[in-house]
Every structure is written in structure tokens, then in C-alpha cells.
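Novice: with the input below, show me the fold.
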Amino acid sequence: MLIGSHAFARYVLLQRAAHRNVEVQVLETVVNSRRYRVELTAYEKTIEAEHPLVLHRDQAYAVAAGLDFQLSSDELDSTTPNLDKPVNPPAAQDH
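Specialist: Numbering: from 1, shown residues only. This is a model prediction of the structure:
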């Protein structure tokens, strides 16, 4: 599925936790060789009238759309200062 300008895989895992059924919606994408994952965990038997995963999944999509991905290693190299070069401290000023 396309969220924002990135392709995400979406799947739902069924689990049990604390004697309750749990559904976990997972959204995953890969950007600049890094994997990003957003999880929405919905517990059965909540007080909401609508199924919790359906009720809250739009918030997970909004989080995924708002992700600010790290720069690629090539982009990082161009913005990283050269730490091997000494930096001259500013001259002391007389007050």
C-alpha cells in the first residue's frame, strides 16, 4: 500500500497476551536500506463499540505518513563536518 510517497507492506498478526486476544497491525517499509516498522496493537474486549483495530488503524497510517526518514549514507557524508581538521577557537576578546 502507498502511504505518503512510500510503499508499505501491511499485515496483521494474531496473538495472545494476558489471557486476551491481541491483533497487531504492522506497517513496514524500507528506505535507504533501512527497515522502518509501525505497529498498532489492539486488544479484544475493549469498551469501544467498533473493533479496536478498525477504529484506530487510521492513526497508524497517519504515523507512517508522518515519518521523517534518515538521510542516506551518501547524503550524510556530504553534511558531516570533517572532524580530522582542527577547528581554531575564536580569539579571546578583552572586555
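
Novice: and residue 60, how many neighbours?
Specialist: Neighbours of residue 60 under the rule other Cβ atoms under 10 Å: 20. The way it works is simple: take the backbone N, C-alpha and C, and place the C-beta from them, glycine included.

Novice: checking it next. Helix, strand or coil?
Specialist: Recorded secondary structure, residue 60: helix (DSSP: H, G, I helix; E, B strand; the rest coil).

Novice: now do residue 64
Specialist: Under three-state DSSP, residue 64 comes out as helix.

Novice: count the neighbours of it for me.
Specialist: Counted by other Cβ under 10 Å, the residues lying close to residue 64 total 21.

Novice: list the contacts for it?
Specialist: Counting by Cβ atoms under 8 Å, 6 or more residues apart in numbering, residue 64 touches 3-4, 6, 8, 27, 29, 38.

Novice: what do you get if the cut-off is 10 Å, keeping everything else the same?
Specialist: The contact partners of residue 64, by Cβ atoms under 10 Å, 6 or more residues apart in numbering, come to 1, 3-4, 6, 8, 10, 27-29, 36-38, 40.

Novice: cool, and residue 13?
Specialist: Applying Cβ under 10 Å, 6+ apart to residue 13 gives the contacts 22-26, 39, 41.

Novice: okay, now the unreliable bits of the protein?
Specialist: Confidence mapping of the chain against pLDDT under 70 gives the ranges 45-50, 71-95.

Novice: all strands of it, in order?
Specialist: 2-3, 6-7, 9-17, 20-31, 34-43 (DSSP state E).

Novice: pull the most distant pair out of the contacts of residue 13.
Specialist: 22 and 26 (12.5 Å; Cβ to Cβ).
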